[in-house]
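J.: A structural model of the following input is requested.
(chains A and B)
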Amino acid sequence: EPEVTQTPSHQVTQMGQEVILRCVPISNHLYFYWYRQILGQKVEFLVSFYNNEISEKSEIFDDQFSVERPDGSNFTLKIRSTKLEDSAMYFCASRPGTSGGTDTQYFGPGTRLTVL
Amino acid sequence: AQSVTQLDSQVPVFEEAPVELRCNYSSSVSVYLFWYVQYPNQGLQLLLKYLSGSTLVESINGFEAEFNKSQTSFHLRKPSVHISDTAEYFCAVSDIGGYQKVTFGIGTKLQVIP
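T.: Next up is the predicted model:
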């Protein structure tokens, strides 16, 4: 069964450094998402991406964050200058975008980001 | 804006006993409803979903959830739990149509005791 993959599984970085989290959505899916889960807190929506542009973003997704689909398979989340509070598990998800909107999101295993 | 409330942060239950994980939601528009499960050190897996039609939905591993519009609830139940059900369970909602971002509850840790 196709699945969403994410790399790396764990990323450790120094405060102020740039990080890029990578995701490979399921082939032929049209909608892509990033979520994050700070330890002990709920999973929060960051951004959705469709037709090569951001379709919706939360207030968390400020200028320090950006997303890109550089080729036909990868979907990346970049944090320009990491802060301690960016430490979290980051989940990528994709959705087919067919079935009249009744399809659902498939989540990747997550990347745990630790900012020191 | 939507919100999801899971009142129980942890639920211990003996093996083969029944369990109910509670979920209430708030939304000004119609929503889709989901339960996701996260096993230790793994990602989020869709357990079951309510989109329309019958208000009782079932998963392949014996869980069921019932959508109650008047009570804005979507409680998850299983008549007899197994050790392998130990995991964290997230209730979630999304808009119908649009880009369908998912709003999650804080999660309930189900601990099955042998």
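J.: tell me the contacts of the closest residue to residue B:19 other than its chain neighbours?
T.: Ranked by CB to CB, 6 or more residues apart in numbering or on different chains and with sequence neighbours excluded, the top spatial neighbour of residue B:19 is residue B:13, at 4.8 Å. In this view, the C-beta of every residue, glycine as well, is placed from N, C-alpha and C. Applying CB atoms under 8 Å, 6 or more residues apart in numbering or on different chains, we find residue B:13 in contact with B:19, B:81, B:110-113.
J.: Adding pLDDT, write the residues you listed out as JSON lines.
T.: What follows is those, written out as JSON lines (pLDDT from 0 to 100):
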{"residue": "B:19", "pLDDT": "97"}
{"residue": "B:81", "pLDDT": "97"}
{"residue": "B:110", "pLDDT": "97"}
{"residue": "B:111", "pLDDT": "97"}
{"residue": "B:112", "pLDDT": "97"}
{"residue": "B:113", "pLDDT": "96"}
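J.: Which member of those is positioned nearest residue B:57?
T.: residue B:19 (16.7 Å; CB to CB).
J.: How much space separates the closest one from chain A?
T.: 21 Å (CB to the nearest CB, to the nearest Å).
J.: Could you tell me which residues of chain A lie near chain B?
T.: A:4, A:31, A:33, A:35, A:41-45, A:48, A:50, A:55-56, A:58, A:91, A:93, A:95, A:101-102, A:104-110 (CB under 8 Å from any CB of the partner chain).
J.: who in chain B is up against chain A?
T.: Residues of chain B lying near chain A by CB under 8 Å from any CB: B:32, B:34, B:36, B:42-46, B:49, B:51-52, B:90, B:92, B:94, B:96-107.
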